[in-house]
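*Asks:* attaching a predicted model along with its sequence, questions to come.
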Amino acid sequence: MNVSAIKLEKNISRPDILFGVARVPGTSKAFVGGSDFKIHEIDIDAAKPESRTLQSAHETYITTLALAGDSIISGGYDGKLIWTKASSGERIREAQAHGRAVRKVAISPDRATAVSVADDMAVRFWNVADGRKIREITGEHQPLTPQGFRSMLYACAFSADGKFLATADKTGHVVVWEASTGKKAATLAVPVMYTWDPNARRHSIGGPRSVAFSPDGSLLAIGGTGKIGNIDHLEADGRVEIFRWAKGDKGEKVHDFITEGKKGLVEHLEFHPGGDILLAAGGAGEGFLSFIDLKQKKIVHQEKSPMNIHAVATADSMKSIVAVGHQRVVKFVVG
């Protein structure tokens, strides 16, 4: 895969800020959601892309979308999970899943289980078919940071074989769980991604926002930002740390990458199916796509995005990359 042969193929303006995207396999269609509380379907490759607004909606911002067969599962600041039928746009069911904002929904590789994480610091497993809660994990991710600020539970992802789930909170506390039992398998730490201010305004910023397992499951990549001087701005470069998560008591860090000159949060991480290339996407104002070559142990290409990227959905072994963010949907193709 020649990541330097990347080009911006579509740049679609939107009136809203988008935080979630899910692509329909084998098509050019995608579902997006964000600041207008609604889910929209867009044909990315249409000559004049227009959106179809689905009937289902949240009461506040939609923060995450996931697609499992014909079911869209969306989470929002309202703490709800809503199941929507993708083909018709009809609401299937609704669950008051969390006491605070839902940050991420991940779907297991067999499409049978959904996992949600939220700012009530709970990890909850759901049956995709009927919405039944299967399991919940509480107590590991603490509601307050060590300095007494409210924490957030930002990220979760399944391993490719579905055996493990990783979760990450604002303080840089990362846990790998056995997906079938909820038993803790490993604990990792990326404290540099979290910054707190003890003097001026007494609040905190940062935290890991994305996690991804390598295709063979041996590595866990964690994305966020570096240490910040002025906590009113995301002034640090993006940061990715990679661990052999199962080695030792706290894993073994094997790589540490900085998106030099590309500031902000790494909000999406994804390994190429071959395992050697890792995509990191995010930003602060201006967005970026950074391609990390693990064999060369360096970032081999960084591409500018016209907006801060909040979510990404790839296809065709990462040759097609759809990203959403502030008032735009963009599509990149990789030669």
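*Replies:* Done, it's in. Residues are numbered from 1 along each chain as shown.
*Asks:* show me what the helix or strand of the chain with the lowest mean pLDDT packs onto, helices and strands only.
*Replies:* Sorting the helices and strands of the chain by mean pLDDT, DSSP states H and E puts strand 204-206 at the bottom, at a mean of 83. Helices and strands touching strand 204-206, by 3 or more Cβ pairs under 8 Å, 6 or more residues apart in numbering; DSSP states H and E, are strand 194-196. For glycine as for every other residue, the C-beta is placed from the backbone atoms N, C-alpha and C.
*Asks:* try 10 Å this time
*Replies:* Judged by 3 or more Cβ pairs under 10 Å, 6 or more residues apart in numbering; DSSP states H and E, strand 204-206 is in contact with strand 194-196, strand 219-225.
*Asks:* how about CSV for those, with mean pLDDT and mean neighbour count added?
*Replies:* Output for the helices and strands packed on strand 204-206, formatted as CSV (pLDDT from 0 to 100; neighbours: other Cβ atoms under 10 Å):
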stretch, mean pLDDT, mean neighbour count
strand 194-196, 89, 21
strand 219-225, 97, 27
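*Asks:* residue 160 is nearest to which of the ones you listed?
*Replies:* Residue 160 sits nearest to strand 219-225 of all the helices and strands packed on strand 204-206, at 11.4 Å, using Cβ to Cβ.
*Asks:* strands paired with that closest one, and their directions?
*Replies:* With DSSP bridges as the test, strand 219-225 is paired with strand 210-213 (antiparallel), strand 237-244 (antiparallel).
*Asks:* tell me the most buried of these?
*Replies:* Stretch with highest mean neighbour count among the strands paired with strand 219-225: strand 210-213 (a mean of 25; mean count of other Cβ atoms under 10 Å).
*Asks:* where in the stretch 151-300 of the chain is pLDDT low?
*Replies:* For the stretch 151-300 of the chain, the stretches with pLDDT under 70 are 199-202, 231-232.
*Asks:* for it, which segments count as strands?
*Replies:* 153-158, 164-169, 173-178, 184-189, 194-196, 204-206, 210-213, 219-225, 237-244, 252-263, 265-271, 277-284, 286-293, 298-305 (DSSP state E, counting those that start in this stretch).
*Asks:* contacts for the fourth one next, please.
*Replies:* The set of residues external to strand 184-189 that reach it, using Cβ atoms under 10 Å, 6 or more residues apart in numbering, is 137, 140, 163-166, 168, 171-179, 208, 211, 220, 222, 241, 243-253.
*Asks:* buried residues of that strand, list them for me.
*Replies:* For strand 184-189, burial by neighbour count (16 or more other Cβ atoms under 10 Å) applies to 185-186, 188-189.
*Asks:* residue ranges for the helices of the protein, please.
*Replies:* Counting by DSSP state H, no segments of the chain form helices.
*Asks:* nearest to residue 22, out of the helices and strands packed on strand 204-206?
*Replies:* Short answer: strand 219-225, nearest of the helices and strands packed on strand 204-206 by Cβ to Cβ, at 19.5 Å.
*Asks:* tilt between that closest one and strand 153-158?
*Replies:* 160 degrees (axes from the mean of the first three to the mean of the last three Cα atoms, to 10 degrees).
*Asks:* quick one: end-to-end length of stretch 86-95, please.
*Replies:* Distance across stretch 86-95, first residue to last, is 18 Å (Cα to Cα, to the nearest Å).
*Asks:* check contacts around residue 331.
*Replies:* Counting by Cβ under 10 Å, 6+ apart, residue 331 makes contact with 7-12, 28, 30, 44-45, 49, 313, 315, 320-323.
*Asks:* if you set the cut-off to 8 Å instead, what comes out?
*Replies:* The neighbourhood of residue 331, defined by Cβ atoms under 8 Å, 6 or more residues apart in numbering, consists of 8-10, 44-45, 320-323.
*Asks:* what is the burial count for residue 256?
*Replies:* 12 (other Cβ atoms under 10 Å).
*Asks:* which non-adjacent residue is nearest it?
*Replies:* residue 241 (5.4 Å; Cβ to Cβ, 6 or more residues apart in numbering).
*Asks:* follow-up on the earlier one: and of the helices and strands packed on strand 204-206, who's closest to residue 263?
*Replies:* It's strand 219-225; of the helices and strands packed on strand 204-206, that one is closest to residue 263 (Cβ to Cβ) at 7.9 Å.
*Asks:* so how far is that closest one off the chain centroid?
*Replies:* Here strand 219-225 shows a centroid-to-chain-centroid distance of 11 Å under the convention Cα atoms, centre = their mean, to the nearest Å.
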